[in-house]
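>>> Mind looking at a prediction? Sequence and model below.
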Amino acid sequence: MASSSINIADLRKEYSREALDELHVASEPLEQFNRWFDEALAAAIPEPTAMTLATATLDGAPSSRTVLLKGVDTGFVFYTNQNSRKGRDLNGNPRASLLFFWPELERQIRIEGSVEHVTDVDADLYFRSRPLGSQHGAWASPQSEVIPSRDVLEERLRDIADQFPNDVPRPPFWGGYRVKPSLVEFWQGRPSRLHDRYRYRLDDEQNWLIERLAP
């Protein structure tokens with residue numbers, strides 16, 4: 001097998017776009033997140049809602065995947081098949097971490113917290129807002145299960161489309177989760193790898209403490 005002529009260890013980028021300091025961080029992490037998210041939207045970066053979701057089983061076996069942010073209220077909301085690997089993890093061990101990485105802005109946001117289900121009302125509202133094909137796909141895919149071929153999926157999709165041509169109910173196994181943060185870290189790339197890092201964490205009285213971290 002041929003190997004690449006590129007030395008991976010030599011791949012690097014110098015960060016120098018922005019700075020983050022004590023005078024410019026918000027008093028609460030959700031406000032700071034919204035500031036940066038608005039800037040990501042304004043910069044038209046690809047997939048600004050994409051976030052890495054890490055979960056773990058009860059015995060601590062971790063797994064991660066990319067999901068899409070679908071709301072920010074008291075936490076960070078996403079939707080999925082609750083019988084999937086991530087759904088099973090969260091139902092048994094309702095804690096998770098999220099990671100946003102926006103390389104165009106040289107920024108990263110890490111979030112850790114507990115996880116709760118969104119209400120059925122909110123899940124119904126969001127499900128109805130999805131394109132019809134996505135609604136059918138939610139019924140058709142036994143997410144994370146072994147399937148013999150793609151043909152099986154496409155046949156299931158045709159059957160579901162015939163069963164629900166227009167008005168598609170939300171599947172009982174499909175819903176939303178909210179990650180309620182107890183720790184949020186904002187990372188801004190800086191020259192010489194001396195990056196700016198600010199961590200928000202809840203103290204015993206549920207107040208947010210802001211701490212600067214060494215890079």
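Now that the structure is in, tell me what you want to look at.
>>> Could you list the low-pLDDT ranges of the chain?
Within the chain, the ranges that satisfy pLDDT under 70 run 1-4.
>>> May I see the buried residues of stretch 113-132?
113, 115, 118, 122-123, 126-127, 130 (16 or more other Cβ atoms under 10 Å). To be clear about C-beta, it is placed using only N, CA and C from the backbone, and glycine gets the same treatment.
>>> Show me what residue 181 is bridged to.
residue 113 (DSSP bridges).
>>> show me the contacts for the spatially closest residue to residue 28 that is not a sequence neighbour.
Sequence neighbours aside, residue 208 is the residue nearest to residue 28 in space, at 5.6 Å (criterion: Cβ to Cβ, 6 or more residues apart in numbering). Residue 208 makes contacts with 27-29, 200-202, as judged by Cβ atoms under 8 Å, 6 or more residues apart in numbering.
>>> What residues are bridge-paired with residue 208?
Bridge pairing for residue 208 - DSSP bridges - gives residue 202.
>>> Then residue 101?
Going by DSSP bridges, residue 101 forms beta bridges with residue 108.
>>> so it makes contact with residue 108?
Yes. Contact criterion Cβ atoms under 8 Å: residue 101 and residue 108 qualify, at 5.0 Å.
>>> So which of those two has more stuff around it?
Set residue 101 next to residue 108 and count neighbours by other Cβ atoms under 10 Å: residue 108 wins out with 17 against 14.
>>> now the more buried one: how far from residue 155?
According to Cβ to Cβ, to the nearest Å, residue 108 and residue 155 sit 42 Å apart.
>>> sorry, back to before: so which of the buried residues of stretch 113-132 are in helices?
Using DSSP state H, the subset of those located in helices is 122-123, 126-127.
>>> May I ask which two of the residues you listed are separated the most?
For these, the farthest-apart pair by Cβ to Cβ is 122 and 127; their separation is 9.6 Å.
>>> Leaving aside the residues adjacent along the chain, what's closest to residue 195?
That would be residue 215: by Cβ to Cβ, 6+ apart, it lies 4.0 Å from residue 195.
>>> Any idea how many residues pack against the one you found?
13.
>>> measure it to residue 120 for me?
43 Å.
>>> Repeat that for residue 111.
25 Å.
>>> What of residue 159?
In terms of Cβ to Cβ, residue 159 sits 25 Å off from residue 120.
>>> State the phi and psi torsions of residue 160.
For residue 160, the backbone dihedrals are phi -70, psi -40 (criterion: degrees, to the nearest 10).
>>> So it sits against residue 132, correct?
No. Counting by Cβ under 8 Å, residue 160 stays clear of residue 132, with 10.7 Å between them.
>>> Is the most centrally placed residue in the chain bridged to anything, and to what?
In the chain, the centroid-proximal residue (Cα atoms, centre = their mean) is residue 51; its distance is 3.2 Å. For residue 51, the beta-bridge partners are residue 67 (DSSP bridges).
>>> From residue 174, how far out is it?
19 Å.
>>> got it, and residue 29?
Remark: distance between residue 29 and residue 174 (Cβ to Cβ) = 29 Å.
>>> ok, and the closest non-adjacent residue to residue 62?
Residue 62's closest residue in space is residue 56 (Cβ to Cβ, 6+ apart), at 4.7 Å.
>>> Buried ones in stretch 39-54, by neighbour count?
Quick answer for stretch 39-54 (16+ other Cβ under 10 Å): 40, 48, 51, 53-54.
>>> Alright, I will stop here.
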